[in-house]
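dropping a prediction and its sequence here:
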Amino acid sequence: KAGVTQTPRYLIKTRGQQVTLSCSPISGHRSVSWYQQTPGQGLQFLFEYFSETQRNKGNFPGRFSGRQFSNSRSEMNVSTLELGDSALYLCASSANTASYEQYFGPGTRLTVT
Amino acid sequence: AQTVTQSQPEMSVQEAETVTLSCTYDTSESDYYLFWYKQPPSRQMILVIRQEAYKQQNATENRFSVNFQKAAKSFSLKISDSQLGDAAMYFCAYRGNNDMRFGAGTRLTVKP
């Protein structure tokens, strides 16, 4: 099976812009979670989707949003970008919400200038 | 709130030796999952091992094993016969009802 894919892999944006990141889970996986990884804050949970429904949300401002489509692909959007949003954004998929065994994608490296 | 603490920012081990990485967590939940993930330099996160809190038996995956002490809220990872390819950041993670929380990570260096 193909692994979790994330596009784009690298992105440079300017403060105030918005950005959309995409994640395609492993075939058959219905749960997708998003994380932000920074040197200062480490890995922080953004949100989790299962069957197009957001199940959980981390402690991030409303500028961070996401959605999941019927084919389990997911997108996350960050509006009004700030310098502090520069990070590696990781997507992880799992087959269900019973085992929580997650498989991570390579991430999208977002740089905000 | 659940917190995950990895008290060792860096660890070093000689090739073929054994090393133990520490992790403690704080929670009021009774059912949860614990994980160790490995993140090699510039490569993606890989699941190393998983432990269900309701299981008393410690999980084992080849050279990787855990020491799960539920009462002490401790979840350490033992890597036996260390190999150069084990060099990476290791993250301990807690999954409860609402979210997944990660520790700050331990950078493991393997010396030849």
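The structure has been received and is ready for your questions. Numbers count the residues shown, from 1 in each chain, chains lettered A, B, ... in the order given.

distance check, residue A:76 against residue B:94.
Plainly put, residue A:76 is 22 Å away from residue B:94 if you go by Cβ to Cβ, to the nearest Å. C-betas here are computed from N, CA, C, even on glycine.

three-state assignment of the residue sitting nearest the centre point of chain B?
The centroid of chain B falls nearest to residue B:36 when counting by Cα atoms, centre = their mean (3.5 Å). For residue B:36, the assignment made with DSSP: H, G, I helix; E, B strand; the rest coil gives strand.

check what pLDDT it gets.
You'll see residue B:36 listed with a pLDDT of 97.

how about residues contacting stretch B:99-109?
Contacts with stretch B:99-109, where a contact means Cβ atoms under 8 Å, 6 or more residues apart in numbering or on different chains, come from A:33, A:35, A:42-45, A:48, A:56, A:58, A:100, A:102, B:2-6, B:8-13, B:19, B:21-23, B:25, B:37, B:39, B:79, B:86-95.

just the buried members of those?
The neighbour count (16 or more other Cβ atoms under 10 Å in any protein chain shown) marks A:33, A:35, A:42-45, A:48, A:56, A:58, A:100, A:102, B:2, B:4, B:6, B:8, B:11, B:13, B:19, B:21-23, B:25, B:37, B:39, B:79, B:86-95 as buried among the contacts of stretch B:99-109.

among those, which are in strands?
Using DSSP state E, A:33, A:35, A:42-45, A:48, A:56, B:4, B:11, B:13, B:19, B:21, B:25, B:37, B:39, B:79, B:88-95 are the members of the buried ones among the contacts of stretch B:99-109 that sit in strands.

hey, which helix or strand in chain B has the poorest pLDDT?
Here the helix or strand of chain B ranked lowest by mean pLDDT, DSSP states H and E is strand B:60-61, holding a mean of 89.

number of residues surrounding residue 18?
Picked chain A for this. Residues near residue A:18, counting by other Cβ atoms under 10 Å in any protein chain shown, number 11.

that answer is for a different chain, and I need it for chain B
12.

quick check: pLDDT value at it.
Model confidence at residue B:18, expressed as pLDDT, equals 98.

can you pull the contacts of it?
Residue B:18 sits next to B:78, B:79, B:80, B:81, B:82 when contact means Cβ under 8 Å, 6+ apart.

redo the residues you listed as TSV? Include distance to residue B:101.
Formatted as TSV, these follow (distance: Cβ to Cβ, whole Å):
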residue	distance to residue B:101
B:78	22
B:79	22
B:80	27
B:81	30
B:82	27
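
which one of these is nearest to residue A:20?
Relative to residue A:20, the closest of these is residue B:79; by Cβ to Cβ it sits at 38.8 Å.

verify the contact between the closest one and residue B:19 for me.
Yes - Residue B:79 lies in contact with residue B:19 (Cβ atoms under 8 Å); the separation is 5.2 Å.

touching both of the two, which residues are there?
B:13, B:108.

grab the nearest non-local neighbour of residue 102.
Unless you meant another one, I'm taking chain A. Distances taken as Cβ to Cβ, 6 or more residues apart in numbering or on different chains place residue A:92 nearest to residue A:102, at 3.9 Å, with adjacent residues excluded.

wrong one, I was asking about chain B
Once flanking residues are discounted, residue B:102 sits nearest to residue A:43: 4.0 Å by Cβ to Cβ, 6+ apart.

which residues does that neighbour bridge with?
With DSSP bridges applied, residue A:43 shows beta-bridge pairing to residue A:37.

lovely, talk soon.
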